[in-house]
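Chemist: Would you be able to build a 3D model of this:
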Amino acid sequence: QVRLVQSGGGLVQPGNSLTLACTGAGLTFAGSPMAWFRQAPGKERHYVAAIGRGGGTMYNIDAARGRFTISRDNAKNTVYLQMNNLTPEDTAVYYCAARKSGLPTTARDSDYEYWGQGTQVTVSS
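Modeler: Numbers count the residues shown, from 1 in each chain. All right, here's what the predicted structure looks like:
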């Protein structure tokens, strides 16, 4: 059974940084494209960033705006999302997602078979 367990959310002040982590089990992590999505209150879920099995990265320019960095540590079966200079507009539930091993990296949430439980990020003073 595949599990993605997220950690690292919380309440931060505007301008501060936060790093989310997502650890996978039950899947061939090193071969799996991984992505982060977020869903703000009352809005649809949106793609934030993705990283391929080779480490290549993709970003939603509007969401990340050069402030977010996605990375992975295959030895730890973990993908990270480092978020800098956070603003209230970044407040959302953040989800990590994984595709089956060997598939290409995409930005479509419907392409991802496995999902983390979600973690709340609140940016407020």
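
Chemist: who's in contact with Gly24?
Modeler: Contact criterion Cβ atoms under 8 Å, 6 or more residues apart in numbering gives 2-5, 32, 34, 77-79, 98, 114 as the residues in contact with Gly24. All C-beta atoms are positioned from the backbone trio N, CA, C, and that covers glycine.

Chemist: could you redo the last one with a cut-off of 10 Å?
Modeler: When contacts are counted by Cβ atoms under 10 Å, 6 or more residues apart in numbering, Gly24 touches 2-5, 30, 32, 34, 72, 74, 76-79, 96, 98, 114, 116.

Chemist: for Leu81, same thing?
Modeler: Counting by Cβ under 10 Å, 6+ apart, Leu81 touches 6, 8, 18-22, 34-36, 38, 48-49, 51, 64, 68-71, 94, 96, 121.

Chemist: That one belongs to a strand, doesn't it?
Modeler: Yes. Under DSSP: H, G, I helix; E, B strand; the rest coil, Leu81 falls within a strand.
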